[in-house]
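Peer 1: Fold the following and give me the result.
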Amino acid sequence: ATLSSSGGSGATSWTVTPPLPAGLTLNGATGSITGTPGQVSLGNFTFTVTDSLGTSKSTSLSVRIYAPLTVATSSFPNATQGFAYSTALASTGGLAPIHWSVLTSVPDDMTLSDGGTISGVCPFTETPVVRVRATDSSNPPQVADSAFMPLVVQSASCTGNAFELFNNSNTFAVQNGGSQPTFSTNGQTYCLDSIVTYHWNSGAGATPGTIGLLFNNRTMGPWNATGSPGQGNVPNANWSAPGSGYQIVLNGSYKVIDSDPGTWSQNPSSNGVGFTHVWVRTAIAPTHTATLHLKYDGKALTPTTTPDMFGVNIGTNVYLNNSQLVWNGNDTVTVSGLVDGQYTVEVASREGATQKYLPGGFWKQVTFTVAGGDINADVDEHRLIHVTAPADNATTFGANNCPPGLTLTPTAVSWDPIVDVPNVTYSYTVYRRSCSGGPATLVASGGPSTTTSYSLTLSATAPTEFYGIVVTAFSPRSNRQVGEIMTVGSNWYGWELQF
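Peer 2: Numbering: from 1, shown residues only. Predicted coordinates for the structure are as follows:
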């Protein structure tokens, strides 16, 4: 990076206070900042430029040193042929947002989004080797490439008895020359059991040929058909394929291709379309079980390990991909029926009515991958963000139990940072509210910033008033709010700020 100035007289020189982070050097003559920083940091620096007459000007700039960009994803969960697939890539370091591109190829009918999600429905079983690239938003950008990683598209399983999905035949007299019928899977993925076409051919039957399907301009098969007698014991009137094994039929519309349309039976009741039966079975993706071990500061999480929240109604909730699971108070939750893929489990202690994260509450989010078998995952949680100043150990109060009011003036608000989520920024809001309800009055606000403390000057409250502090944490990587705490809960409950 190079600093620049305008105006002044003659040559200029540059200085900086305080010293730049270790590994960086300011060239006083050119204003260039060069070097290799030794660690991640964020700081404010005052740069001063002085011309040949001794006239100086200063400006304050923030210098943020980001960690080197790396691709954290080292493997993919399996995909299943014919079923929707989605997996998110992960990176560490760099300046968000991170942009993603593919260097090799992803499975057929899948794409990689700029935001780093591989998704789609692959119609085949295949195992391409995938390599991706992450590019951050710094200038010049950092670039990181992944290892070569196989992405397995496994076959679906077929279950149950075969049932008829399509049948356009009838019992009226037939003629030859049927056209190709089209059938739909009606939003489902199936295993193709058999396709049967009818070739009465004026009672002569026809030597079996082949039957295939046309789907999205792709031909499935054709498969060699076997013959069996039809009405009146006509030989080879029924052609059947594929004959052995199962083919996966994806969601969509299919056209049946018969190798001998000249003897394919049809009539006006079939609108000239060749008589066809399509039989399928139910297709399922392989499923597995995840056993989640819930902990709090390394100890088994039970209702007795939940932090005391001053008597306010606090509930512990367990979520899997944002769907709440039933938690019976045990330290283990078992979830079955999971297909291969990525899952996020979140455990949180929240105030019941408003679902706010509270001072002293806890939170943990863990992403795990199911790939070809059952798994175990530890969810060891911790305090989210805990207001350390002003002290949050006051008594609970409500509309019928007003606080005595503040008699001293707070000078700072601070909180513990979130340690499990990178690049978190914090915002705060301080407001004044009456115990009896009504609108809140905004007193102060700040952020977003990585700072975890702010200096404030607050006036003393009346006996019927209190201050509320809301701290919100936001993760740019996941583009979502990752936590919020309040010193005020539902039903006008709160904690008076005492000093």
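Peer 1: Now do the contacts for Leu24.
Peer 2: Ile33, Thr34, Gly35, Pro37, Val63 (CB atoms under 8 Å, 6 or more residues apart in numbering). Placement of C-beta: from N, CA and C, glycine included.
Peer 1: hmm, who's touching stretch 94-101?
Peer 2: Under CB under 8 Å, 6+ apart, the answer for stretch 94-101 is 66-69, 89, 91, 112-116, 132-138, 142, 144, 423, 476-477.
Peer 1: what's the pLDDT at the residue most central in space within the chain?
Peer 2: By CA atoms, centre = their mean, the mean C-alpha position of the chain lies nearest to Ala88, the distance being 6.1 Å. For Ala88, the pLDDT comes out at 90.
Peer 1: can you check Gly373 too?
Peer 2: Value listed for Gly373 in the pLDDT field: 78.
Peer 1: would it count as being in a strand?
Peer 2: No: assigned with DSSP: H, G, I helix; E, B strand; the rest coil, Gly373 falls outside any strand and is coil.
Peer 1: Give me the phi and psi for it.
Peer 2: phi -180, psi 170 (degrees, to the nearest 10).
Peer 1: who's in contact with it?
Peer 2: His288.
Peer 1: Contacts for stretch 194-204, please.
Peer 2: 162, 169, 174, 176, 205-206, 211, 213, 225, 230-232, 234, 236-243, 256, 258, 260, 263-265, 274-279.
Peer 1: distance between that stretch and the chain's centre?
Peer 2: 51 Å (CA atoms, centre = their mean, to the nearest Å).
Peer 1: Ok, stretch 173-183 next?
Peer 2: Taking mean C-alpha positions (CA atoms, centre = their mean), stretch 173-183 and its chain are 48 Å apart.
Peer 1: what's in contact with it?
Peer 2: 165-166, 168, 198, 200-202, 214, 253-258, 261-267, 270, 272-276, 278.
Peer 1: Could you rerun that using 7 Å?
Peer 2: 165-166, 168, 200-201, 253-257, 261-267, 272-276, 278 (CB atoms under 7 Å, 6 or more residues apart in numbering).
Peer 1: what pLDDT, on average, does it get?
Peer 2: Mean predicted confidence for stretch 173-183 is 95.
Peer 1: Next, the distance between the ends of that stretch.
Peer 2: 23 Å (CA to CA, to the nearest Å).
Peer 1: before we move on, back to that, now, which of the contacts of Leu24 sits nearest Met220?
Peer 2: Pro37 (56.8 Å; CB to CB).
Peer 1: Pull up the gap between that closest one and Ala22, please.
Peer 2: 7 Å (CB to CB, to the nearest Å).
Peer 1: more neighbours, the two?
Peer 2: Pro37 (14 against 11; other CB atoms under 10 Å).
Peer 1: Please name the residues that touch that one.
Peer 2: By CB under 7 Å, 6+ apart, Pro37 lies in contact with Pro21, Gly23, Leu24, Ile65.
Peer 1: so the first one sits right up against Ile65, yeah?
Peer 2: Yes: in this structure Pro21 lies within contact range of Ile65 using CB atoms under 7 Å: 6.0 Å.
Peer 1: In terms of neighbours, single out the busier of these two.
Peer 2: Pro21 (18 against 15).
Peer 1: Just the pLDDT for Ala473.
Peer 2: 67.
Peer 1: Quick check: neighbours shared by Pro21 and Ile65?
Peer 2: Counting by CB under 7 Å, 6+ apart, the residues touching both Pro21 and Ile65 are Pro37, Ser41.
Peer 1: Now the closest residue to Ser445 other than its chain neighbours. Its backbone dihedrals?
Peer 2: With sequence-adjacent residues excluded and distances taken as CB to CB, 6 or more residues apart in numbering, Ser445 is closest to Thr429, at 4.7 Å. Reported as degrees, to the nearest 10, the phi and psi values for Thr429 are phi -140, psi 130.
Peer 1: how deep is Thr429 tucked in, by neighbour count?
Peer 2: When neighbours are counted by other CB under 10 Å, Thr429 registers 17.
Peer 1: hang on, the earlier thing: look up how far Gln154 lies from the residue nearest to the centre of the chain.
Peer 2: 20 Å.
Peer 1: Next: Ala371.
Peer 2: 10 Å.
Peer 1: shared neighbours, these two?
Peer 2: Joint contacts of Ala371 and Gln154 (CB under 7 Å, 6+ apart) are Asn78.
Peer 1: beta partners for Ile375?
Peer 2: Ala290 (DSSP bridges).
Peer 1: Let me see the ranges of the strands in the stretch 151-300 of the chain.
Peer 2: 153-154, 157-167, 182-184, 190-198, 210-215, 218-224, 226-228, 238-241, 247-249, 253-258, 276-284, 287-296, 299-300 (DSSP state E, counting those that start in this stretch).
Peer 1: just so I know, which of those lies nearest Ser449?
Peer 2: Using CB to CB, the strands of the stretch 151-300 of the chain put strand 287-296 closest to Ser449, at 29.0 Å.
Peer 1: Can you mark which positions in that closest one are buried?
Peer 2: By neighbour count on 16 or more other CB atoms under 10 Å, the buried set for strand 287-296 is His288, Ala290, Leu292, Leu294, Lys295, Tyr296.
Peer 1: Next, the contact list for the fourth one, please.
Peer 2: So that's Leu294. Leu294 neighbours (CB under 7 Å, 6+ apart): Leu301, Asp331, Val333, Val347, Val379.
Peer 1: so how far is Asn317 from it?
Peer 2: For Leu294, the distance to Asn317 - CB to CB - is 11 Å.
Peer 1: Likewise for the fifth one?
Peer 2: Counting by CB to CB, the gap from Lys295 to Asn317 is 16 Å.
Peer 1: Beta-bridge partners for Val196, please?
Peer 2: Counting by DSSP bridges, the residues bridging with Val196 are Ser240, His277.
Peer 1: Sorry, slip of the keys, the one I care about is Ile65.
Peer 2: Taking DSSP bridges, one obtains Ser41 as the residues bridged to Ile65.
Peer 1: Pull the number of nearby residues for Cys191.
Peer 2: The number of residues near Cys191, taken as other CB under 10 Å, comes to 23.
Peer 1: what about the residue lying closest to it once chain neighbours are set aside, how many neighbours?
Peer 2: Once flanking residues are discounted, Cys191 sits nearest to Cys158: 3.6 Å by CB to CB, 6+ apart. Residues within reach of Cys158, counting by other CB under 10 Å, total 19.
Peer 1: just the one 3 residues further on next, same as before
Peer 2: Asn161: 8 surrounding residues under other CB under 10 Å.
Peer 1: do you know how far it is from Asp193?
Peer 2: For Asn161 relative to Asp193 (CB to CB), the value is 9 Å.
Peer 1: ditto for Ser32
Peer 2: Computed as CB to CB, the Ser32 to Asp193 distance reads 72 Å.
Peer 1: out of those two, which sits in the busier spot?
Peer 2: Each of Ser32 and Asp193 has its neighbours counted (other CB under 10 Å); Asp193 has more, 21 against 14.
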